[in-house]
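>>> from the sequence below, what's the structure:
(chains A and B)
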Amino acid sequence: KQEVTQIPAALSVPEGENLVLNCSFTDSAIYNLQWFRQDPGKGLTSLLLIQSSQREQTSGRLNASLDKSSGRSTLYIAASQPGDSATYLCAYSGGSNYKLTFGKGTLLTVNP
Amino acid sequence: KAGVTQTPRYLIKTRGQQVTLSCSPISGHRSVSWYQQTPGQGLQFLFEYFSETQRNKGNFPGRFSGRQFSNSRSEMNVSTLELGDSALYLCASSPEGTSGRARQFFGPGTRLTVL
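Below you'll find the predicted structure:
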């Protein structure tokens, strides 16, 4: 069974801290991995997409890395802000199907 | 470009009823996927359509069905609703026609409550 695990399930940090969210997956034949943000009761916003041939992607204060051999991805958030508070989900696309397999997410709270 | 739109945003139904949810993808996108999100199970894949054809289906009972029209808009239908069908239903569109390598863009979701 294909699985995605996100650690920690919840994280609370003071404003300004740098932080790392972790994602591990069991399928080695992935096409890509995406990180999403979800605000309460809302849809998903795509933050970063890493193709299987890439090692990392950056967008502003966000940096995502991918290590296919170990089945791991990390999302690094620099200088966190209260507006970063949300649930962060990772998901990969792999195999011969056309679906995303999601983790359960990390609930991030950035305190002013 | 306008984003993915879903209608209605909220629905309240009773057990045994049926419901139809609608999704309009981003203009030019031909792939539409549906996901169910619940607190217990998280996000689970329902099905994916491309050019009016269902290419993949998740592990859901036959009460869940969908279709895609020639303009790429998609609908999903749930018949004989059960309490456990209460969830946020999310639609995603993608320009990718093959291999699933493109970014997926999600709509705001339809919140379905079954009483």
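>>> phi and psi next, for A:D84.
phi -80, psi -10 (degrees, to the nearest 10).
>>> neighbours of it, how many?
18 (other Cβ atoms under 10 Å in any protein chain shown). The way it works is simple: take the backbone N, C-alpha and C, and place the C-beta from them, glycine included.
>>> next one: it from B:M76, what distance?
From A:D84 over to B:M76 the distance is 32 Å, taken as Cβ to Cβ, to the nearest Å.
>>> tell me which parts of chain B are close to chain A?
With Cβ under 8 Å from any Cβ of the partner chain as the criterion, chain B comes near chain A at residues B:4, B:31, B:33, B:35, B:42-45, B:48, B:50, B:55-56, B:58, B:88, B:90, B:92, B:99-101, B:103-109, B:111.
>>> among these, which ones are in helices?
Cross-referencing those against helices under DSSP state H gives no overlap.
>>> just give me the residue closest to the centre of chain B.
Residue closest to the average C-alpha location in chain B (Cα atoms, centre = their mean): B:W34, at 3.0 Å.
>>> what is that residue paired to in the beta sheet?
For B:W34, the beta-bridge partners are B:F47, B:C91 (DSSP bridges).
>>> wouldn't it be in contact with B:L90 here?
Yes: here B:W34 lies in contact with B:L90, judged by Cβ atoms under 8 Å, at a distance of 7.2 Å.
>>> can you give me the strands in chain B?
Taking DSSP state E as the test, the strands found in chain B are B:5-7, B:10-13, B:19-24, B:31-38, B:42-50, B:53-57, B:64-68, B:74-78, B:87-94, B:105-106, B:110-114.
>>> can I get those in JSON lines including mean pLDDT?
Formatted as JSON lines, these follow (pLDDT from 0 to 100):
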{"stretch": "strand B:5-7", "mean pLDDT": "97"}
{"stretch": "strand B:10-13", "mean pLDDT": "97"}
{"stretch": "strand B:19-24", "mean pLDDT": "98"}
{"stretch": "strand B:31-38", "mean pLDDT": "95"}
{"stretch": "strand B:42-50", "mean pLDDT": "93"}
{"stretch": "strand B:53-57", "mean pLDDT": "90"}
{"stretch": "strand B:64-68", "mean pLDDT": "97"}
{"stretch": "strand B:74-78", "mean pLDDT": "98"}
{"stretch": "strand B:87-94", "mean pLDDT": "95"}
{"stretch": "strand B:105-106", "mean pLDDT": "92"}
{"stretch": "strand B:110-114", "mean pLDDT": "97"}
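>>> next, format those strands as JSON lines and append distance to A:I50.
Formatted as JSON lines, the strands of chain B follow (distance: least, Cβ to Cβ, whole Å):
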{"stretch": "strand B:5-7", "distance to A:I50": "27"}
{"stretch": "strand B:10-13", "distance to A:I50": "34"}
{"stretch": "strand B:19-24", "distance to A:I50": "26"}
{"stretch": "strand B:31-38", "distance to A:I50": "19"}
{"stretch": "strand B:42-50", "distance to A:I50": "19"}
{"stretch": "strand B:53-57", "distance to A:I50": "22"}
{"stretch": "strand B:64-68", "distance to A:I50": "28"}
{"stretch": "strand B:74-78", "distance to A:I50": "27"}
{"stretch": "strand B:87-94", "distance to A:I50": "16"}
{"stretch": "strand B:105-106", "distance to A:I50": "17"}
{"stretch": "strand B:110-114", "distance to A:I50": "29"}
